[in-house]
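Peer 1: Provided below for reference: sequence and predicted model.
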Amino acid sequence: MATTTTTVTITGAGGQIGYALLFRIAAGDMLGPDRRIRLKLLEIPQGVRAAEGAALELQDCAFSLLESVEVTDSPATAFDGCQIALLVGARPRGPGMERADLLAANAGIFGPQGAALNAGADDDVRIVVVGNPANTNALIAAASAPDIPSDRFTALTRLDHNRAVGQLAAELGVRADEVEGVAIWGNHSASQFPDVSHATVHGVPVVDALAERLGGPEQATTWLDDEFIPRVAKRGAEIIEVRGSSSVASAANAAIEHVRDDQGGTGEAWTSAAVVSRGEYGVPEGLVCSFPVRSDGSGYRVVEGLRLDDRARARFDASVAELEAERTAVRDLGVL
Ligand code: NAX
């Protein structure tokens, strides 16, 4: 029996991931069977018709939890009263576009959206950025929302986390839910570090289980370095090559799981999310960086005290350096 109503704003709702998200959210996959949902769909004018079409289909599903759907091209309207924001719409990299151009184009989206959240969102709003470059877009949005505590802003690395779990499960011949303790460190980009050094399968370290399966510790290390890490980090490109278009359903699934666990709690298990660094693991404060995280239902907190060996540290540092370079580029544009 649904008792409360939550206002959920989705940007880029007329796009691919938006289309994969809407129906699952309205069916209760994200917030559970006790929370009614008021959907607010933000698009640019060219995307409004597609979002309106999705709204018609939502009506045709007659979801019992769905209280209303509003389509708008106004950030102020979309974020008014927003309690959960999924910022999916972003400017993709066009032909010949330099990184600075990409960051500038997205600053022009995430700056104003942060400001609109600041002006109109609910006091307990939580925001997840999906649109790329997700970490730095979240940084820009947070910087544009001075009245919203920065720990409410997160960026999605749950897809990378799930990809890592999926690869390990396949290699070890187990179900995905039998693998625990995977961590994604750094940026949601090819520089990310998918880390299995704390991961277990049925309580056995994954590295030992891999050694057993692959014929020894050296073989396990080779598989991790040469196959697992690059495959997880470049999985998006693999999906594009095989499928002919980018990850959609898996990205939507990850976003739903990110919000579900942020709100509902992770228990003792951890997952991965990009959160605003408070200096954990030596990551410069303010960067939106992926860490292993837990939530007790009040938001993601970094799991502290994990040991990173020199090789792991070097990989993580390289990804953090990329995040710092993105922040510097954005500062140079005068955005921060
Ligand atoms: P689509 O191009 O299908 O959809 C994007 C939608 O956003 C379009 O309908 C567009 O009109 C809209 N949009 C653009 N600017 C907007 C603005 N200022 N306000 C509101 N809406 C706006 O892309 P899709 O496949 O849905 O991907 C969306 C984003 O997710 C991309 O940036 C993509 O790179 C990113 N991804 C992030 C992932 C992650 O793990 N963090 C994984 C999947 C995906 O690659």
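Peer 2: Structure received. Numbering: from 1, shown residues only.
Peer 1: tell me how many other residues crowd the closest residue to the ligand within the stretch 1-150 of the chain.
Peer 2: Per C-beta to the nearest ligand atom, G15 is where the stretch 1-150 of the chain lies closest to the ligand, at 1.9 Å. Heads up, the C-betas are built off the backbone N, CA and C, glycines and all. Burial measure for G15: 21 neighbouring residues, criterion other C-beta atoms under 10 Å.
Peer 1: now do T328
Peer 2: When neighbours are counted by other C-beta under 10 Å, T328 registers 11.
Peer 1: same check on A90?
Peer 2: Neighbours of A90 (other C-beta under 10 Å): 21.
Peer 1: which SS state does it fall under?
Peer 2: coil (DSSP: H, G, I helix; E, B strand; the rest coil).
Peer 1: mind listing what it touches?
Peer 2: 12, 106, 109-110, 130-132, 137 (C-beta atoms under 8 Å, 6 or more residues apart in numbering).
Peer 1: any idea how far G203 is from it?
Peer 2: Look at A90 and G203: by C-beta to C-beta, to the nearest Å, they are 40 Å apart.
Peer 1: before we move on, what about A116?
Peer 2: Using C-beta to C-beta, we find A116 at a distance of 47 Å from G203.
Peer 1: between the two, which one's more packed in?
Peer 2: A116 (24 against 6).
Peer 1: the more buried one reaches A76, doesn't it?
Peer 2: Yes. Here A116 reaches A76: they are 5.3 Å apart, a contact under C-beta atoms under 8 Å.
Peer 1: how about the residue nearest the centre of the chain: what's its closest non-neighbour residue?
Peer 2: The chain has L156 as the residue nearest its centroid, 0.9 Å off, counting by C-alpha atoms, centre = their mean. Nearest non-adjacent residue to L156, counting by C-beta to C-beta, 6 or more residues apart in numbering: V130, 4.9 Å away.
Peer 1: list the buried residues for stretch 24-36?
Peer 2: Across stretch 24-36, burial judged by 16 or more other C-beta atoms under 10 Å covers 25-26, 28-31, 35-36.
Peer 1: repeat for stretch 147-156
Peer 2: Neighbour-count burial for stretch 147-156 [16+ other C-beta under 10 Å]: 148, 150, 152-156.
Peer 1: that stretch and the ligand, any residue contact?
Peer 2: Yes. Stretch 147-156 is in contact with the ligand by C-beta under 6 Å from any ligand atom, via L156.
Peer 1: show me what contacts the residue located most distally from the centre of the chain?
Peer 2: The centre of the chain is farthest from one residue, G215, which by C-alpha atoms, centre = their mean lies 35.3 Å away. Residues near G215 by C-beta under 8 Å, 6+ apart: none.
Peer 1: and it, how far from the ligand?
Peer 2: From G215 across to the ligand, the span is 34 Å (C-beta to the nearest ligand atom, to the nearest Å).
Peer 1: so L214 sits against W223, correct?
Peer 2: Yes. L214 is within contact range of W223, at 5.7 Å (criterion: C-beta under 8 Å).
Peer 1: list just the nearest of the buried residues of stretch 24-36 to L42.
Peer 2: Of all these, I25 has the smallest distance to L42: 14.5 Å, by C-beta to C-beta.
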